[in-house]
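Undergrad: Provide a 3D model corresponding to the input given below.
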Amino acid sequence: MSVKVGISPIAWQNDDLPDLTAAYSMQQALQESYAIGYSGIERGRAMPQDTEVLRQYLDQNHLLLCGGWCSGNLMVNSVADEIAAISRQVEQFVALKSPCLVYAECSNTVQGDITTSINQRPKLSRSDVMAYGAKLSEVAKWMADQGMVLAYHHHMGSMIEDQNDIDVLMQSSSPEVTLLFDTGHLHFGGADVMGTLNRWGDRVRHVHFKDVRADVARKIRDHDKSFLDAVIAGAFTVPGDSDGIIDFAAITDFLAKMDYKGWIVVEAEQDPAKANPYHYSKMGYDYIVALCAASGLALDPVHLGPRA
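TA: You can find the predicted model right below:
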């Protein structure tokens, strides 16, 4: 088994800021992703909801489903109620052979509220995170029994954002709770990017490569702006952009060392008026392919390479 390179459609179709990407279609996102060389794409809200229609939609565009967001509400739901709420999406992802379901707690997040600063995000006590980890373990075990991996997404503006949040969640949850390793959210959240991979690499089942424009991120913090303000201002960019500051070579070397065999997904939401989706997505793809070659990380040869 080798590594596959995928992409989120968020550069073309932003689920949180649809007006920002109104000039672009989901069909364009899929067609251009395939043309660039990506093997798969994560699920977006504008994709067909029906499982068989979605399967045909992806097949027609020669792309695999490589994950997708799930808004969790486990802080306010019982385990049984949460399982009932997400069971349809889990069933769909199993049917479409997705490598994981990207789960994040959204009952108390401020990430989608443009009027609330990310500095005002919910911050839980250690005991609260530990209690949450125990409940999340039950959901993840159920999901594993269905044949699906729960990959937890630490996210700006949410209750699991910084290094301590991540460490306590991983410590208090069972191995079935795996970690989505998102480089951009780690750095923006003030976490240790390489330290997290070193400490929790055995729990990493999904990877998002996203870079950060440090000066923009700093201004968002300093001026009490929201996560959506950060997206609009350009806090994020793709790997390979000279504006970014994350050492992806070191990360890719470490992934090769730990014999990572999952997906590396480009996910860098930006304003397409400032960052053309095709151009930046191709930049990210080309850079990752070069990094993997230099690190000895084997890429899936079936889907490798651009398609005219």
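Undergrad: low-confidence bits of the stretch 101-250 of the chain, can you list those?
TA: Counting by pLDDT under 70, the stretch 101-250 of the chain contains no low-confidence range.
Undergrad: so which residues of it form strands?
TA: Remark: strands assigned in the stretch 101-250 of the chain by DSSP state E, counting those that start in this stretch are 101-105, 150-153, 177-182, 204-209, 211-212, 236-237.
Undergrad: using CSV, lay out the ones you listed together with mean neighbour count.
TA: C-beta: built from backbone N, CA, C; applies to glycine. Output for those, formatted as CSV (neighbours: other CB atoms under 10 Å):
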stretch, mean neighbour count
strand 101-105, 24
strand 150-153, 26
strand 177-182, 25
strand 204-209, 23
strand 211-212, 24
strand 236-237, 26
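Undergrad: V5: which of the ones you listed is closest?
TA: Closest to V5 of the strands of the stretch 101-250 of the chain is strand 204-209 (CB to CB; 9.0 Å).
Undergrad: quick revisit: could the strands of the stretch 101-250 of the chain be laid out in CSV, adding distance to M47?
TA: Formatted as CSV, the strands of the stretch 101-250 of the chain follow (distance: least, CB to CB, whole Å):
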stretch, distance to M47
strand 101-105, 15
strand 150-153, 19
strand 177-182, 20
strand 204-209, 19
strand 211-212, 26
strand 236-237, 22
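Undergrad: quick one, which of those gets closest to M194.
TA: Nearest to M194, of all the strands of the stretch 101-250 of the chain, is strand 177-182, at 10.6 Å by CB to CB.
Undergrad: tell me what the closest one is packed against?
TA: The contact analysis (3 or more CB pairs under 8 Å, 6 or more residues apart in numbering; DSSP states H and E) places strand 177-182 against helix 126-146, strand 150-153, helix 163-172, helix 193-200, strand 204-209.
Undergrad: looking at these, which is buried most?
TA: strand 150-153 (a mean of 26; mean count of other CB atoms under 10 Å).
Undergrad: strand partners (parallel or antiparallel) of that strand?
TA: Strand pairing for strand 150-153, determined by DSSP bridges: strand 101-105 (parallel), strand 177-182 (parallel).
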